[in-house]
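*Asks:* Got a predicted structure here, sequence first:
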Amino acid sequence: MPRIAKDTPLAEITLRRYEKPGKLSERELVRKICLSLGLLQPGDSRDVVVDVLHVLLRAKRERQPLSTDDIEAQVIDSRKKHHLALHGIATSNILRQVRRLRELLLVEKVADTYRIAEFEELPRLFEEKIEHFYLKSIVERVKEYLGSVK
């Protein structure tokens, strides 16, 4: 049987539009951000990425970078506080979620700690890093493919 080449994208992004934010809890707002940025799938019960981002956003207020151990401990505390199952809290999964946030350019590693990139506000990060850099390069490449079709 012939082998089919696997097309591996250089970059990809999922964006979703939801209703305007209303009177939601802080965690629920972070959950909507994760859904909007494709970090979480609608209906997905495995939502540790929400807690990881939430922990990093709280640390941003105090301009405090966090170690992996700090993130893990605070995620566990947050999930207990919100009466959520402690699924997906293994160190390896926490690191995977941090890596996903880094790939979206929202989080950066400084020495052995992590923080919201430059402790910047999320709207500005989205505009600078995702909209103008990441998304623009994807759109330009799609246009190249579209223009190549005769």
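*Replies:* Now that the structure is in, tell me what you want to look at. Numbers count the residues shown, from 1 in each chain.

*Asks:* May I see the domains of the chain written out as residue ranges?
*Replies:* According to automatic domain parsing, the chain comprises the domains 26-119, 120-150.

*Asks:* Now do the shortest one: distance to the chain's middle.
*Replies:* Right, the one you point to is domain 120-150. Centre-to-centre, domain 120-150 and its host chain are 17 Å apart (Cα atoms, centre = their mean, to the nearest Å).

*Asks:* Please apply the same query to stretch 74-85.
*Replies:* 19 Å.

*Asks:* ok, Gln41 - how many residues close by?
*Replies:* The local packing of Gln41 (other Cβ atoms under 10 Å) involves 13 other residues. Heads up, the C-betas are built off the backbone N, CA and C, glycines and all.

*Asks:* now Glu72
*Replies:* For Glu72, the count of nearby residues is 19 (other Cβ under 10 Å).

*Asks:* surely it meets Ser92?
*Replies:* No. Between Glu72 and Ser92 there is no contact under Cβ atoms under 8 Å: 10.4 Å.

*Asks:* Where does pLDDT dip in the chain?
*Replies:* 1-5 (pLDDT under 70).

*Asks:* And the residue nearest the centre of it?
*Replies:* Leu101 (3.7 Å; Cα atoms, centre = their mean).

*Asks:* quick one, what contacts it?
*Replies:* Shown in contact with Leu101 (Cβ atoms under 8 Å, 6 or more residues apart in numbering): Leu39, Val49, Val52, Leu53, Leu56, Val107.

*Asks:* of all the residues you listed, which two lie farthest apart?
*Replies:* Leu39 and Leu56 (12.5 Å; Cβ to Cβ).

*Asks:* Identify the residues contacting Thr113.
*Replies:* Thr113 touches Pro65, Leu66, Ser67, Asp70, counting by Cβ under 8 Å, 6+ apart.
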